[in-house]
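what would the 3D arrangement of this be:
(2 chains)
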Number of protein chains: 2
Amino acid sequence: MRERDLVDAHLSAWIAALPSSTLYAPMAYLLGLPAKRVRPVLTVMSCELFGGAATNVLDEAVGIELFHNFTLMHDDIMDASPLRRGQPTVHAKWDVNTAILSGDAMLVKAYQIMGSDPLVLSTFNRYALEVCEGQQRDMEFEERTSVTLAEYKEMIRSKTAVLLGCALRIGACKAKASEADQERIGAFGEDLGLAFQLRDDLLDAFGDSTVTGKQQGGDLRNGKKTWLMIRALERSAEVGDERLLAELGKPVDRREVPLMLQVLRELGVQQEAEEEVNRLESSAFAALDAIAISDVRKEPLRALVRALQQRSR
Amino acid sequence: MRERDLVDAHLSAWIAALPSSTLYAPMAYLLGLPAKRVRPVLTVMSCELFGGAATNVLDEAVGIELFHNFTLMHDDIMDASPLRRGQPTVHAKWDVNTAILSGDAMLVKAYQIMGSDPLVLSTFNRYALEVCEGQQRDMEFEERTSVTLAEYKEMIRSKTAVLLGCALRIGACKAKASEADQERIGAFGEDLGLAFQLRDDLLDAFGDSTVTGKQQGGDLRNGKKTWLMIRALERSAEVGDERLLAELGKPVDRREVPLMLQVLRELGVQQEAEEEVNRLESSAFAALDAIAISDVRKEPLRALVRALQQRSR
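Purely as a prediction, here's the structure:
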């Protein structure tokens, strides 16, 4: 993909220019792991959609990817995750202190880039704090016994979806799109982000573990409050089905994932989730349709969404 | 002090306007602990020195204090410090994850403030990363067996002193001072910051523990690589005095602080450090003198330095 190649080249050059010290090595490492680069590609596509030149927005595209990776580096500490993209996380490879400080420096680096254009900076500022608020909610939910679907959706919106919206808004902003169009492309991104996360939850539960590279149903086994789990518990209560609660009452290593998956299917939760993904994607496309630009210019974004729809991991 | 009162009022209003969630409560807590507010007061004084209005720079003064407190929140995690200003640190009172995330949000908040003026932002950007680099060096030094005085000084310059310089530069920038004067007031701040840190090291060793509230010689006992320790080890090697190395060879709780202090005095290290503080303060005043503004306008900054010189804790 041309946009992807542009982003990769610019990001590689950025990484190569980093000083060689312990502060920067973890940045280079994390940014160097294989990744889809969805956010910076969205920034480039959005800029081009509105008639801007890709070369004019590559710095900001890298800035968005830096911010995203700053959140990954710190979230991985908070979640005590040993692996990221199949490789050791920064705090596992170095140590927690290095991951805290290198993440901080990555956030500063992101701001150095975003700060060169006041309009970009103001857009970025609107959403950077929301991402922190989303992570805060996510951590709180882990402590709570009950979370509603609306709360979960709001958490995912702020933690994950707004950054996709922000990536697109910044591309639009650099191309001097109208405020209304910036809102539309931002809404497209947020719906896409929600769909993206829900699809991840579905893949975790029902995906082929030989393709996803993750243990099937890992989130379910761990009792993670995903859309699927929250909705399944709601449905179980409605129909008086106690099988899921019984599994969650067992120690984690005794929980029977195949049975949990069967309950989700029988209660119609898998189907509901798939319908919700479709609804979100339709809503995303409707926002894109509302932008008065020829369809051919929208094709790269549509193709990207299709690729994400068809992904199996 | 009038400038201090202005800063306190503005900061209190800022804290009071924070949303009430777990993301912001630690910010309000840390910012609410008793503190000297040296950095924001410097910002206000610098702005007024160059003819600007204090009210025009109070947001930026709060922004500097936010950034400073972000570094404290994260540094306290990295140093595993249980206490800050005599109270539990954020990670001790809440937990490490909350302190990581709330610190991140505080950095974003600082940038939201600094971003409203491109010139301020560009000054802030120049120094924010240096502070991270300084903390990185500080952590590295703890792992190394030997650090030179020049390396130590460079670490303190980036970790501590540049932020004082930055606070002053931002005040000058808001008052539209010339580039040359921004450089001068920045140099004043950096020398002041170095003197400030060295005075802290001296107080830790030779201060009255009933006044400082800290165990006398805590840094020495822990073998911390301060200016005093580095210079004392250099001098010990020069004259073949093995008493300090012998103490450092013992378990921490067996080290005799009174003996270590006596060695520092006998080797002339205490006196050298006091001379170095004086030299740095003279250098700071020389930078201030070079600014072509009437002495009466410089008096608030001079009075602040005198107060810092006379502090006993």
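
ok, and what's touching stretch A:262-281?
Outside stretch A:262-281, the residues that touch it by Cβ atoms under 8 Å, 6 or more residues apart in numbering or on different chains are A:191-192, A:194-195, A:198-199, A:201-202, A:205-206, A:220, A:227-228, A:231-232, A:235-236, A:239, A:241, A:243-244, A:305, A:309. The way it works is simple: take the backbone N, C-alpha and C, and place the C-beta from them, glycine included.

ChimeraX command for the buried members of those residues?
In ChimeraX syntax, the buried subset of these is picked out as below (16 or more other Cβ atoms under 10 Å in any protein chain shown):
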select /A:191,192,194,195,198,199,201,202,205,206,220,227,228,231,232,235,236,241,244,305
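
buried residues in stretch A:241-254?
So, applying 16+ other Cβ under 10 Å, buried residues of stretch A:241-254: A:241, A:244, A:247.

what does stretch A:38-55 give?
When burial is assessed from 16+ other Cβ under 10 Å, stretch A:38-55 yields the following buried residues: A:38-50, A:52, A:54.

between those residues, which is closest to chain B?
A:Arg39 (17.3 Å; Cβ to the nearest Cβ).

stretch A:123-142 close to chain B?
Yes - judged by Cβ under 8 Å from any Cβ of the partner chain, stretch A:123-142 and chain B are in contact via A:125, A:128-129, A:132-133, A:135-136, A:139-140.

now, which of these sits nearest B:Cys173?
Taking Cβ to Cβ as the measure, B:Cys173 sits nearest to A:Asn125 out of the residues of stretch A:123-142 next to chain B, at 19.7 Å.

relative to chain B, how far out is the residue of chain A most remote from its centre?
Centroid-distance maximum for chain A: A:Gly240 at 34.3 Å, with Cα atoms, centre = their mean. Distance, A:Gly240 to chain B, using Cβ to the nearest Cβ, to the nearest Å: 35 Å.

A helix includes A:Ile185, no?
Yes - assigned with DSSP: H, G, I helix; E, B strand; the rest coil, A:Ile185 falls within a helix.

spatially nearest residue to A:Pro34, not counting backbone neighbours?
Nearest residue to A:Pro34, sequence neighbours excluded (Cβ to Cβ, 6 or more residues apart in numbering or on different chains): A:Arg85, at 6.0 Å.

which residues touch the one you found?
Taking Cβ under 8 Å, 6+ apart, we find A:Arg85 in contact with A:33-35.

out of the residues of stretch A:123-142 next to chain B, list just those in helices.
A:125, A:128-129, A:132-133, A:135-136, A:139-140 (DSSP state H).

out of those residues, who's the most crowded?
Using other Cβ atoms under 10 Å in any protein chain shown as the neighbour criterion, A:Ala128 leads those with 27 neighbours.

how about the residue nearest to that residue when sequence neighbours are not counted, what does it touch?
Using Cβ to Cβ, 6+ apart and skipping the chain neighbours, the partner closest in space to A:Ala128 is B:Val108 (4.8 Å). Listed by Cβ under 8 Å, 6+ apart, the contact partners of B:Val108 are A:107, A:125, A:128-129, A:132.

want to throw those into CSV with pLDDT and distance to A:Ser282?
Below are the contacts of B:Val108 laid out as CSV (pLDDT from 0 to 100; distance: Cβ to Cβ, whole Å):
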residue, pLDDT, distance to A:Ser282
A:Leu107, 98, 35
A:Asn125, 94, 31
A:Ala128, 96, 29
A:Leu129, 95, 30
A:Cys132, 96, 30
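
report pLDDT for the residue farthest from the centre of chain A.
pLDDT, A:Gly240: 96.

try the one 3 residues further on
Model confidence at A:Arg243, given as pLDDT, is 95.

could you find the closest non-adjacent residue to it?
In space, A:Arg243 is closest to A:Val263, 5.2 Å off (Cβ to Cβ, 6+ apart).

likewise A:Glu48?
Nearest to A:Glu48 is A:Ala54, by Cβ to Cβ, 6+ apart, at 5.8 Å.

does the one you found touch A:Arg4 like I think?
No - using Cβ atoms under 8 Å, A:Ala54 is not in contact with A:Arg4, being 11.1 Å away.

ok, the residue positioned nearest the centre of chain A - contacts?
Against the mean C-alpha coordinate of chain A, by Cα atoms, centre = their mean, the closest residue is A:Thr160 at 4.4 Å. Listed by Cβ under 8 Å, 6+ apart, the contact set of A:Thr160 reads A:134, A:193-194, A:196-197.

A:Asp31 reaches A:Leu11, doesn't it?
To be clear, residue A:31 is Leu; Asp isn't right here. Yes - in this structure, A:Leu31 is within contact of A:Leu11 by Cβ under 8 Å, at 6.6 Å.

joint contacts of those two?
With Cβ under 8 Å, 6+ apart as the test, A:Leu31 and A:Leu11 both reach A:Glu65.

who in the stretch 51-200 of chain A is up against chain B?
Counting by Cβ under 8 Å from any Cβ, the stretch 51-200 of chain A comes close to chain B at A:70, A:74, A:77-78, A:96-98, A:100-101, A:103-105, A:107-109, A:111-112, A:115, A:118, A:121-122, A:125, A:128-129, A:132-133, A:135-136, A:139-140.

wait, does stretch A:9-23 contact chain B?
Yes - for stretch A:9-23, a contact with chain B is found by Cβ under 8 Å from any Cβ, at A:21-23.

neighbour-wise, which of these leads?
Busiest of those [other Cβ under 10 Å] is A:Leu23, holding 24 neighbours.

tell me the contacts of that one?
Contact partners of A:Leu23, counting by Cβ under 8 Å, 6+ apart, are A:101-102, A:105, B:132-133, B:136.

pull the most distant pair out of these.
The span of those, defined through Cβ to Cβ, is set by A:Ser102 and B:Glu133 at 11.0 Å.

nearest to A:Pro258 among the buried residues of stretch A:38-55?
Proximity to A:Pro258 was ranked across these by Cβ to Cβ; first place goes to A:Val38, at 31.7 Å.

for A:Lys174, which non-adjacent residue is closest in space?
Nearest one to A:Lys174, counting by Cβ to Cβ, 6+ apart, is A:Val57 at 4.5 Å.
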